[in-house]
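K.L.:
need coordinates for the following:
(2 chains)
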Amino acid sequence: MVQLLKKVPELTLLIALTIIAYIVIEVAGKVGTEPAIGAFSSIDLIVISFVMSTAIAIIAVIAGVGGGVIFTPIMLAFTSIDTLIIRSTGLVVAMFSGLVSTGPFMRRGLADVKLVFFGAVPIIVGGLGGAFAAIIMASYMGKEGDAIVRLLLGITLVLIALLFIFGGSNTEYPRPRKVDALGQRLRLRNTYWEVSLHERIRYRAVNVKLGGFLFFFVGFTGGFFGLGGGWAVVPVLNLVMAVPLKVSAASSGVLLAMGNAAAIWPYITVGALIGVVAAPWMLGQVIGGIIGAHILASIKAAFVRNLLITLLLLTSVKLITRGLESLLKIDIPIF
Amino acid sequence: MAKFKRSLIPIAGVVYGDIIYWITILASVLVLVGTVETFFSTTNTIPPAYLLSSVLEGKSVSQIWQGSPFRAIPHGHWYLDILPTGEGLSTSGLALGVFGVIPAIFASAYFLWRSHNVFFAFLAVVSGLITITSMLGVIPLPIG
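P.N.:
Reported below is the predicted structural model:
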C-alpha cells in the first residue's frame, strides 16, 4: 500500500484531501450534525458511505463486475430509499471505479481498447431495446413475467459460475484451438505483461460474432432489469471469446463505465441523482478503483476467478430468491 | 496497430484511459469541495439535512424536489444554475466525471483511425454520439 501511494501521488493527494475534508466536517461542520438515523448524524452517514464504497470498489474492480452488483441489492434489501435514487446512485457506484481504473488498465495493457469499443455499441443498443421491451412486457405479463425471467437469469448465472469452476485454470489463460475469421480480419489480438508470472501473455479473440450477439443480450437484460451488465461481460469475454481472465475483468470494468456513462444522464437531468448522497459513494469508488486496479495487475488470476465465482453465485441466489418469491407469493428470508 | 506506446500498448487505449483518469480525479476534487461547502454553508439553496432525511425516509424524487425551494422536479442541467452551492458543486463534479467519457472516446477514435483501425474508430464515434444524445436528452436511454 505504501509503495502504491508513492507510485501514484495523485492517489495519495486525493486520499489525504478526503480524510482531511471528512475530519474537518465531522469536527467543525455547521449543518447536518443532528442525529439522522439512530445516533448517526448526516455527516456520520456520509463518512460511513465513503468507507463502504471504497471497500466495494476494490472488490468490484478486481472481479470486473461493477460495484452496482453489490451496492444495489444491499440498498434495496436493507433501506427504504426510493428505488430511483438507489438505481441512480447504483450507477455512480457501478461506473466511477471503472472510469478511474481505465487509466491504469490501459497504461498497463490490461484493458483492450478494441474489445471495449467492440462491446460498447451492442451493449448500449441492447440496453435501449431491453428498456423498451420491459415496458411492453410489463403491460402484457405483469410481475409474473418479470419473476420468470429473473429465475431463468439466476439459473443462467449458476451455470456460468459452474463453467468457471469446472473450466479450472483453462479459463485464466485460454488457448483457443481454432482461428476465428472475423477476429483475424478485425485483428482482435494483443499481448500483455503478466506480472504474477513474469511473462508476456498473447491472446486472440475467437467466436467474435457470437460474442457481439451476447453483448447485445447482456445489454438487453441489463436494460430490462436494471441489473447492469457486470454479471456477464467477464464470462462473455473469457469463456466465449477466449480472452485471458485478467484482460476480461479489466476490459469489463472499462466497458461498463462507458455504457453507464450513457445511461446515467437521464437520472441527472431529472434530479434523481442527489449530489450530497452520491458524493461519498463517488469518492469511495474513485479511491477504491485506483487501489483495485493496481492490485489486479499483481495478484494471481486464480484469485480473480474465485472472487468472480463467489459474486456470480451470490447474485444468482438473490435473483432466484426474488423470482421464487414473486411466483410463489412466499417470503424467503435470505439476504 | 501501427502506433504503440511501450510494450506494444495501443496509444488509442492510453489516450482514452488518461483523459478519463485525470477528468475523474478533477471531478473528485470538485465533489469533495462541494461536500465541504454543503456542510459548512448555512445558506445552501437546498438544505443538506432536508435532502438526506428525505432520502432516508424513502420519499420519492418528485416529493423531495417539491419540498425543496425548487418546488418541482428540475430539468436539464439544473445544477449549473446553483453552481456556487454545495449541492451544485457536488452534482457538477459528478456530471463532469461522467462527461469525461465523451472527449476520451473521440480522442481514442482519432488514434484508432490513425492506426488504420477504421472499424473500431467508427464504433467509437457511434458510442460517443449515443452518449452525447443521452446527455442532451434526445434519446430516452435505459436508466439502470
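K.L.:
now the most centrally placed residue in chain B. Its backbone dihedrals?
P.N.:
The residue lying closest to the centre of chain B (C-alpha atoms, centre = their mean) is residue B:98, at 2.3 Å. Per-residue torsions, residue B:98: phi -70, psi -40 (degrees, to the nearest 10).
K.L.:
what's the closest non-adjacent residue to it?
P.N.:
Taking C-beta to C-beta, 6 or more residues apart in numbering or on different chains, and ignoring the residues beside it in sequence, residue B:98 has residue A:261 as its nearest neighbour in space, at 5.1 Å. For glycine as for every other residue, the C-beta is placed from the backbone atoms N, C-alpha and C.
K.L.:
please tell me how far the one you found sits from residue B:24.
P.N.:
Using C-beta to C-beta, to the nearest Å, one obtains 11 Å as the distance from residue A:261 to residue B:24.
K.L.:
pLDDT weak spots in the stretch 1-150 of chain A?
P.N.:
Counting by pLDDT under 70, the stretch 1-150 of chain A contains low-confidence ranges at A:1-2, A:32, A:35-38, A:64, A:73, A:76-78, A:131-132, A:134-139, A:142-143, A:146.
K.L.:
which residues in it form strands?
P.N.:
In chain order, the stretch 1-150 of chain A shows strands spanning A:35-37, A:40-41, with DSSP state E, counting those that start in this stretch as the criterion.
K.L.:
check which helices and strands whichever strand or helix holds residue B:24 sits against.
P.N.:
Assigned by DSSP states H and E, residue B:24 belongs to helix B:11-40. Helix B:11-40 is packed against helix A:9-28, helix A:42-63, helix A:83-108, helix A:113-167, helix A:275-298, strand B:4-5, helix B:86-99, helix B:101-114, with contacts defined by 3 or more C-beta pairs under 8 Å, 6 or more residues apart in numbering or on different chains; DSSP states H and E.
K.L.:
pick the most buried one from those.
P.N.:
Greatest average neighbour count among the helices and strands packed on helix B:11-40 goes to helix A:83-108 (a mean of 28), per mean count of other C-beta atoms under 10 Å in any protein chain shown.
K.L.:
angle of it against helix B:101-114?
P.N.:
Angle between the axes of helix A:83-108 and helix B:101-114 is 40 degrees (criterion: axes from the mean of the first three to the mean of the last three C-alpha atoms, to 10 degrees).
K.L.:
which other helices and strands does helix A:83-108 contact?
P.N.:
If you count contacts as 3+ C-beta pairs under 8 Å, 6+ apart, helix A:83-108 packs onto helix A:42-63, helix A:68-78, helix A:245-269, helix A:275-298, strand B:9-10, helix B:11-40, helix B:86-99.
K.L.:
list the residues that contact the nearest residue to residue B:40 once chain neighbours are set aside.
P.N.:
Take residue B:40 and drop its neighbours on the chain: the residue closest to it by C-beta to C-beta, 6+ apart is residue A:30, 5.5 Å away. Taking C-beta atoms under 8 Å, 6 or more residues apart in numbering or on different chains as the criterion, residue A:30 is in contact with B:39-42.
K.L.:
residues of the stretch 151-300 of chain A that sit close to chain B?
P.N.:
A:186-187, A:190-191, A:193, A:222-223, A:226-228, A:254, A:257-258, A:261-280, A:282-283, A:286 (C-beta under 8 Å from any C-beta of the partner chain).
K.L.:
which of those residues are buried, as a ChimeraX select command?
P.N.:
A single ChimeraX command selects the buried members of those (16 or more other C-beta atoms under 10 Å in any protein chain shown):
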select /A:186,190,193,222,223,226,227,228,254,257,258,261,262,263,264,265,266,267,268,269,270,271,272,273,274,275,276,277,278,279,280,282,283,286
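K.L.:
just give me how far the helix or strand containing residue A:318 sits from the chain centre.
P.N.:
Take DSSP H and E as the rule and residue A:318 turns out to sit in helix A:301-328. Helix A:301-328 has its average C-alpha position 14 Å from the chain's average C-alpha position, going by C-alpha atoms, centre = their mean, to the nearest Å.
K.L.:
buried stuff in it?
P.N.:
For helix A:301-328, a neighbour-count test (16+ other C-beta under 10 Å) marks A:301, A:304-305, A:307-309, A:311-324, A:326 as buried.
K.L.:
so where is the stretch 201-335 of chain A shaky, pLDDT-wise?
P.N.:
Along the stretch 201-335 of chain A, the model assigns pLDDT under 70 to residues A:222-231, A:301, A:334-335.
K.L.:
does the helix or strand following the helix holding residue B:24 reach chain A?
P.N.:
Reading on from helix B:11-40 to the C-terminus, the next helix or strand found by DSSP H and E is helix B:48-56. Yes: counting by C-beta under 8 Å from any C-beta, chain A is contacted by helix B:48-56 at B:48-49, B:51-53, B:55-56.
K.L.:
report the inter-axis angle for helix B:48-56 versus helix A:83-108.
P.N.:
Direction vectors for helix B:48-56 and helix A:83-108, defined by the same axes, to 10 degrees, enclose an angle of 100 degrees.
K.L.:
does anything pack onto helix B:48-56? Which helices or strands?
P.N.:
By contact count (3+ C-beta pairs under 8 Å, 6+ apart), the secondary structure elements abutting helix B:48-56 are strand A:35-37, helix A:42-63, helix A:275-298, helix B:61-66, helix B:86-99.
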